[in-house]
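Student: only geometry, no sequence info:
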Ligand code: SF4
């Protein structure tokens with residue numbers, strides 16, 4: 001479907017043009033009608049007000065993984081407004097709508113206020129935990145006793161640390177403390193987020209991370225399931241510049257759902273879920289056949305005559321590559337038959353539109369972007385989709401290039417001291433056990449750079465249920481909610497009920513806390529904690545600082561610093577002082593003093609890690625500061641600007657080149673196969689991939705893999721994120737529900753399943769009908785919304801509601817009845833096994849029942 005410029009309600013001759021509209025929707029409309037007048041008044045007169053009653057203090061938002069640097073306006077110790085930090089060269093003064101909701105989070109009366117302990121020993125969804133207040137002292141005594149029991153019994157491997165939203169202080173609790181106790185089990189949430197996104201860039205370009213996109217200099221963008229004005233990294237930055245991008249570049253969005261970005265794009269390609277790889281293959285085919293590849297990056301036929309003809313193999317000897325490796329092999333193995341007509345039949349898109357997009361995209365090279373979001377890749381066979389979509393950036397020479405896809409700028413933060421000297425024999429023995437998530441087994445290659453390195457977060461539930469490789473006796477988790485945020489979460493409910501002693505450190509009680517023995521009140525990242533993060537965008541890397549801009553509410557303490565310090569003191573009282581002695585090494589870089597309490601530790605640790613950014617005697621690059629206090633006030637360090645093409649010819653792949661034939665992937669797949677005494681073909685078979693032989697080493701299309709009988713479950717669920725989602729934690733914010741209709745197709749104070757009217761008519765379902773969505777593994781109830789912005793045969797529903805134990809607003813009846821439905825109840829637990837990622841998209845088949 002092609003959408004002309006000026007569509008979607010723009011006033012063509014009036015004051016409001018496309019750019020204004022996008023900027024408005026991105027930053028202001030969300031809170032506009034009700035709140036803007038007062039907020040604007042504060043902004044305009046901010047200088048005067050700050051001189052008398054308040055001040056702007058720098059902090060960091062972690063409402064999503066953009067990790068923007070912010071400023072908080074604090075009046076009489078109370079945070080009243082949030083805006084972008086103008087000192088940041090990544091997001092600057094820009095802001096997405098979500099930080100405003102953070103104010104409702106920090107002052108939420110439903111926060112955990114004091115430590116709580118369980119009084120009901122029985123655990124289960126229908127068992128009220130009977131939490132009663134306790135003291136920090138008593139809670140930490142109990143936790144320390146449980147850890148000491150493990151150490152006395154040489155069972156330290158039965159200690160588990162689970163991490164949710166983290167800062168870069170993470171290694172203190174997650175890595176150092178876990179190792180010193182003696183466990184291999186530090187489990188992050190990463191694999192339920194978007195790890196497969198990194199798979200393609202790594203096995204072509206040698207870069208394992210999220211990318212930044214040079215949108216200011218680009219001429220064409222293809223967005224694969226990415227919705228940058230809503231949810232796909234650097235939302236504040238992209239929202240602020242998107243109006244200009246629309247004016248200058250052509251934008252194509254590939255997504256079965258009309259996202260906020262698609263609504264303002266030039267082309268919307270609502271393909272069949274899971275067929276992105278076919279479309280990417282056809283685009284690559286078209287670029288080669290029509291001579292649209294970038295010769296400066298890829299090279300050319302020695303005699304300059306293009307031999308890429310549909311269906312014909314090409315002699316590798318006749319092509320001379322420059323900064324890439326294996327383009328002819330790729331053509332011969334995968335691309336030669338992938339015509340636009342073939343892709344049209346697979347994707348359900350018109351062949352002429354595919355050709356048009358491919359042609360315009362290729363003509364924009366190298367200033368064009370193939371932007372891979374989570375949708376196409378967090379699928380069972382998404383690893384190769386990640387590769388083939390990213391490989392387009394190689395063909396067009398857009399990699400590390402002006403107007404293309406960029407890697408990270410250099411930064412100079414430093415690691416915390418190594419813990420090795422504090423690991424005793426008990427710890428060393430405990431650490432040798434297999435990790436609880438089973439990574440590295442034949443069916444879980446989890447090849448983050450090398451086999452068995454990536455986490456398989458959601459599989460921990462099954463490991464716990466089956467006690468395979470062993471049971472867990474003591475677990476600590478922070479700022480996570482796996483009993484809500486993981487696909488098929490009822491497995492987590494059962495698994496958590498089996499852990500004899502579970503501690504949850506969190507700002508809000510949640511479905512996860514429901515199963516805890518002790519719940520500890522956590523600080524809010526934007527307002528109450530010390531820490532720092534790193535992220536990229538706009539051609540810069542910035543390091544935003546977190547600091548307590550207000551006094552922590554009630555008895556909240558910082559999860560990654562204060563809590564481990566206090567716990568280490570309790571362990572030392574019991575004769576195990578290794579963690580405390582290790583933490584005392586985190587000395588204040590300014591005074592050389594070692595910390596003596598949890599507050600000093602939290603501050604010294606962040607000063608230690610960031611010293612090379614703010615200490616003039618250690619200066620290495622980027623912003624210059626006169627010292628800690630100057631850095632603290634600015635609240636962010638910015639790198640030097642991006643240098644294009646630095647990686648050309650020295651990429652971190654086996655060949656040093658951009659690999660269309662991935663020697664890098666071949667080496668790790670062969671390593672994993674050899675470890676299990678089998679073949680790469682067998683590895684791919686147990687991982688549900690179709691490729692065999694040489695195809696395993698090139699970016700290629702794999703047919704979608706779905707769960708459920710198509711006769712009984714005729715629709716595919718399209719799960720998506722909201723512009724207001726602060727991860728899964730917005731549902732107790734009033735503004736989330738009040739402004740929910742900022743998401744195209746959604747409604748205020750409702751949780752809707754968006755159904756194409758063609759499908760709804762065949763089921764006699766009308767707007768507003770109550771319906772039940774049923775998958776092979778679960779069901780939820782919500783409201784039907786007839787909407788043409790979703791491809792027939794798919795049903796789109798926003799993630800974020802369906803909490804049954806999060807707060808009085810998030811749940812209809814706390815602990816009993818959810819408000820709306822949790823998409824994860826519909827999604828069976830399955831994995832993109834090469835990366836360990838949980839599958840969320842293009843997988844769950846569902847049916848609709850009218851209630
Ligand atoms: S929610 Fe995300 S994009 Fe918005 S300000 Fe926070 S970190 Fe930035």
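Tutor: Thanks, I have the structure now. Because the structure is predicted, anything quoted here is derived from the model rather than measured.
Student: can we go C-alpha only for contacts and neighbour counts from here?
Tutor: OK.
Student: just checking, residue 455 touches residue 194?
Tutor: No. Counting by C-alpha atoms under 8 Å, residue 455 does not reach residue 194; the two are 11.8 Å apart.
Student: the more surrounded of those two?
Tutor: residue 455 (29 against 21; other C-alpha atoms under 10 Å).
Student: Just give me the residue closest to the centre of the protein.
Tutor: Here the mean C-alpha position of the chain is nearest to the C-alpha of residue 193 (C-alpha atoms, centre = their mean), at a distance of 4.2 Å.
Student: Can you give me the distance of it to residue 437?
Tutor: Using C-alpha to C-alpha, to the nearest Å, residue 193 is found at 16 Å from residue 437.
Student: cool, and residue 82?
Tutor: Using C-alpha to C-alpha, residue 82 is found at 39 Å from residue 437.
Student: what do you get for residue 708?
Tutor: 26 Å.
Student: Tell me which of these two has more neighbours.
Tutor: The neighbour comparison of residue 708 against residue 437 (other C-alpha under 10 Å) goes to residue 437, with 25 against 19.
Student: How about that one: what's its closest non-neighbour residue?
Tutor: Sequence neighbours aside, residue 460 is the residue nearest to residue 437 in space, at 4.8 Å (criterion: C-alpha to C-alpha, 6 or more residues apart in numbering).
Student: immediately after the helix or strand encompassing the one you found, which helix or strand?
Tutor: Assessed by DSSP states H and E, residue 460 sits inside helix 459-466. In the C-terminal direction, the helix or strand that comes right after helix 459-466 (DSSP H and E) is strand 474-478.
Student: What helices and strands are in contact with that following strand?
Tutor: Under the contact definition 3 or more C-alpha pairs under 8 Å, 6 or more residues apart in numbering; DSSP states H and E, strand 474-478 sits against strand 159-163, strand 501-506.
Student: Looking at the ones you listed, which one is packed in the most?
Tutor: Mean neighbour counts were taken over the helices and strands packed on strand 474-478 using mean count of other C-alpha atoms under 10 Å, and the top value, a mean of 25, falls to strand 501-506.
Student: Return the list of helices and strands in contact with that strand.
Tutor: On a contact count with 3+ C-alpha pairs under 8 Å, 6+ apart, strand 501-506 meets strand 474-478, strand 518-521.
Student: as a whole number, average confidence for it?
Tutor: Strand 501-506 shows a mean pLDDT of 98.
Student: Flag every buried residue along the helix holding residue 460.
Tutor: Within helix 459-466, the residues scored as buried using 16 or more other C-alpha atoms under 10 Å are 459-465.
Student: Show me which residues of the protein sit near the ligand.
Tutor: 61-68, 95-96, 98-99, 234-236, 726 (C-alpha under 6 Å from any ligand atom).
Student: So which residues make contact with stretch 735-753?
Tutor: For stretch 735-753, the external contacting residues (C-alpha atoms under 8 Å, 6 or more residues apart in numbering) are 30-31, 101, 258-260, 722-725, 730-731, 754, 782-785, 787, 789, 795-798, 801, 820-821.
Student: let's see it at 7 Å
Tutor: With contact meaning C-alpha atoms under 7 Å, 6 or more residues apart in numbering, stretch 735-753 is reached by 30, 101, 259-260, 722-724, 730, 754, 782-785, 787, 795-797, 820.
Student: before we move on, what about stretch 216-236?
Tutor: Under the contact criterion C-alpha under 7 Å, 6+ apart, stretch 216-236 has outside partners 26, 65-66, 91, 94-96, 238-239, 245, 248-255, 259-261, 361, 364, 367-376, 402-404, 537, 721-723.
Student: Check these for burial and list the buried ones.
Tutor: Buried residues within those, defined by neighbour count using 16+ other C-alpha under 10 Å: 26, 65-66, 91, 94-96, 238-239, 245, 249-255, 259-261, 361, 364, 367-376, 402-404, 537, 721-723.
Student: Please work out how many residues are found near whichever residue of the stretch 651-800 of the chain sits closest to the ligand.
Tutor: Of all residues in the stretch 651-800 of the chain, residue 726 sits closest to the ligand, at 5.9 Å by C-alpha to the nearest ligand atom. Close neighbours of residue 726, defined as other C-alpha under 10 Å, add up to 24.
Student: which residues sit in contact with it?
Tutor: Counting by C-alpha under 7 Å, 6+ apart, residue 726 touches 63-64, 98.
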